[in-house]
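Peer 1: Next comes the sequence, and after it the predicted model I'd like to discuss.
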Amino acid sequence: MIRRSLAVFLLLPPLSVAVVAAHVRADRLDPQPRSRSALPPRNDVMVRDIAQDALENRLRVAEHSGNPRTLVDALLDLSRFNRERRRGRVAVDYSRRALTVAEKTGSRELIGLSWEALISSQERAGDAAGALASSRRFKEESDRLSDEEKKKQIDTLEQTYQSERHANATERENREAALRTLAADRRRLQRNLLGGSSILLGLIGFGIYRRRAASRLGRELAITDPLTGLKNRRYMLLTMGGDIVAAQRKRRHAPLGVRPSDADLVFLLIDLDRFKSVNDELGHQAGDTMLIQVADVLRESCRASDTIARWGGDEFLLVSRFSDRRIGSVLAERIRTAIEQRVFELGDGHTLQRTCSIGYAAFPFSVAYPDALTWEQVVAVVDQALARAKQAGSNTWVGVTSSDTAAEEQFRPRPGNTLEQWIEDGTVTTEANGP
């Protein structure tokens, strides 16, 4: 049986470790399936050894293929496998190799995945300083590339604006020259009438321009929080549909059997701990100042492509767009640490520190049943996860992930606290930073 399992691993190296391990167990066990906990420890070790051999064999094939993407994928799989086996330093080595190859390709996607794997591996290895340094460098590289793209877009818009402005100026000059020629050939009354008409047209044009400018300003104010400058709830409701369609398109175009790493939307709801005491003790002006600085912390902790909105009061909703659901805990811990370490300056010599509580989950909520929950329902689950983090104490995050074995009907909303019921019957699993 073990030889047959090994053949599966060697013939199908691109399969994930989880899928191949399932084939190994199916070949080795009785016709009546047993749970993983019922397997003898010795057989578990054999399965892990076979899985590692298969991944290393895949790495050798990738090295001989000369395909950088295949090589990066193989290295990242080995890094992930060793993290799960709690071999953090080995996982760091594979992640660094993957990053080196990815940087040579110039692919932002591969570089981002390699950085995230390196950060997770350093955390698993207990190298908190290294993980923090890698996170900062990753953010600097991402911000630099985003700034370059923004500059190109601004230059293009500026060129278009100047071209249109020149064309309008030329057209206006030609029109005015024609009007002057016509006015010179007509009688005084006609000239006066033409002059009056020109003034009227000018006033109408100016009025139209003012109305359009006011309309643009009104639209911008309608989707922006006036205090923090972040987006607001209305903006999220208007734009989430487009993000969901883009994510669905990425999943449809992915190769058969491969789950894309950039087709998830990770929702994080951040709530400040003991914020009411700031308003009560120092006044609402100090509370507003603190919210502005919290918005700055969130901008510094996220990618330029992420969306941050003030969801209400001292709650903020962050959407990590087109990423992997597995980065939820990394992002939550990064934000929690950043707010905890920030010293907020509230004016009149007052400074203080505060913590936050975070709940997070990904859309689609279930990989097997992507239409099981809408994004609004996922946010409701995130809100319940936030409440669970609050109950566990301040400075805590809680993440919710659907179980791979859950059936579609289990995701239907239920009376009462849906999340607690899902946890009890195994529909979902939770992850938290606490003990």
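Peer 2: Thanks, I have it.
Peer 1: confidence score at the closest residue to Y94 other than its chain neighbours?
Peer 2: Nearest residue to Y94 in three dimensions, chain neighbours excluded: S79, at 3.9 Å (Cβ to Cβ, 6 or more residues apart in numbering). For the C-beta atoms, the positions are set from N, CA and C on the backbone; glycine is no exception. Among the per-residue scores, S79 shows a pLDDT of 89.
Peer 1: Convert the C-alpha atoms of the host helix or strand of S79 to CSV, please.
Peer 2: Using DSSP states H and E, S79 maps to helix 68-84. Presented in CSV, the C-alpha positions along helix 68-84 are these (Å, rounded to 0.1, in the frame of the first residue of the first chain):
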residue,chain,number,x,y,z
PRO,A,68,10.7,30.1,-12.4
ARG,A,69,7.0,30.1,-11.4
THR,A,70,6.9,26.4,-11.0
LEU,A,71,10.1,26.6,-9.0
VAL,A,72,8.7,29.3,-6.7
ASP,A,73,5.4,27.3,-6.2
ALA,A,74,7.4,24.2,-5.2
LEU,A,75,9.6,26.2,-2.7
LEU,A,76,6.5,27.8,-1.2
ASP,A,77,4.8,24.5,-0.8
LEU,A,78,7.9,23.1,1.0
SER,A,79,8.0,26.2,3.2
ARG,A,80,4.3,25.8,4.1
PHE,A,81,4.8,22.1,4.8
ASN,A,82,7.7,22.7,7.2
ARG,A,83,5.7,25.5,8.9
GLU,A,84,2.9,23.1,9.6
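Peer 1: What is it packed up against?
Peer 2: Contact here means 3 or more Cβ pairs under 8 Å, 6 or more residues apart in numbering; DSSP states H and E; on that basis helix 68-84 packs against helix 41-65, helix 88-105, helix 108-124.
Peer 1: Hmm, S95 and the residue nearest to Y94 touching each other?
Peer 2: Yes - because the distance of 4.5 Å satisfies Cβ atoms under 8 Å, S79 is recorded as touching S95.
Peer 1: so what sits against both of those two?
Peer 2: Common contact partners of S79 and S95 (Cβ atoms under 8 Å, 6 or more residues apart in numbering): A117, L118, S121.
Peer 1: Quick check: the first one touching L78?
Peer 2: Okay, so that is A117. No - look at A117 against L78 with Cβ under 8 Å: they stay out of range, at 9.9 Å.
Peer 1: count of neighbours near the residue nearest to Y94?
Peer 2: Using other Cβ atoms under 10 Å, S79 has 28 other residues around it.
Peer 1: Which helix or which strand is home to V367?
Peer 2: Counting by DSSP H and E, no helix or strand carries V367.
Peer 1: I figured it hits R259, correct?
Peer 2: Yes - in this structure, V367 is within contact of R259 by Cβ under 8 Å, at 6.7 Å.
Peer 1: Check the offset of the lengthiest helix in the chain from the chain's centre.
Peer 2: Longest helix in the chain, counting residues (DSSP state H): helix 128-184. Between the centre of helix 128-184 and the centre of its chain there are 27 Å (Cα atoms, centre = their mean, to the nearest Å).
Peer 1: swap in stretch 363-371?
Peer 2: Stretch 363-371 has its C-alpha centroid displaced from the chain centroid by 16 Å (Cα atoms, centre = their mean).
Peer 1: Just the mean pLDDT for it, thanks.
Peer 2: 92.
Peer 1: Can you give me the end-to-end span of it?
Peer 2: Length of stretch 363-371, first residue to last, Cα to Cα, to the nearest Å: 10 Å.
Peer 1: pLDDT value on A38, please?
Peer 2: Confidence score, pLDDT, at A38: 45.
Peer 1: hang on, V400 is in a strand, isn't it?
Peer 2: Yes - according to DSSP: H, G, I helix; E, B strand; the rest coil, the state of V400 is that of a strand.
Peer 1: which residues does it contact?
Peer 2: G359, Y360, A361, V381, V382, Q384, A385, L419, V428, T429, T430.
Peer 1: Excluding residues flanking it in the chain, which one is nearest T355?
Peer 2: N395 (3.8 Å).
Peer 1: Quick one: classify the one you found as helix, strand or coil.
Peer 2: coil.
Peer 1: Make sure it is actually in contact with S357.
Peer 2: Yes - using Cβ under 8 Å, N395 is in contact with S357, at 7.3 Å.
Peer 1: sorry, back to before: who has more neighbours out of A117 and L78?
Peer 2: Legend: neighbour count by other Cβ under 10 Å for A117 and L78, higher for A117 (27 against 24).
Peer 1: so L318 touches D271, yeah?
Peer 2: No - with contacts counted by Cβ under 8 Å, L318 stays clear of D271, the gap being 11.9 Å.
Peer 1: pLDDT below threshold where in this protein?
Peer 2: Within the chain, the ranges that satisfy pLDDT under 70 run 1-44, 203, 205-221, 435.
Peer 1: Quick one: the helices in the stretch 151-300 of the chain, in order.
Peer 2: Using DSSP state H, counting those that start in this stretch, the helices of the stretch 151-300 of the chain run over 188-222, 233-253, 276-282, 284-301.
Peer 1: With that, I have no additional questions.
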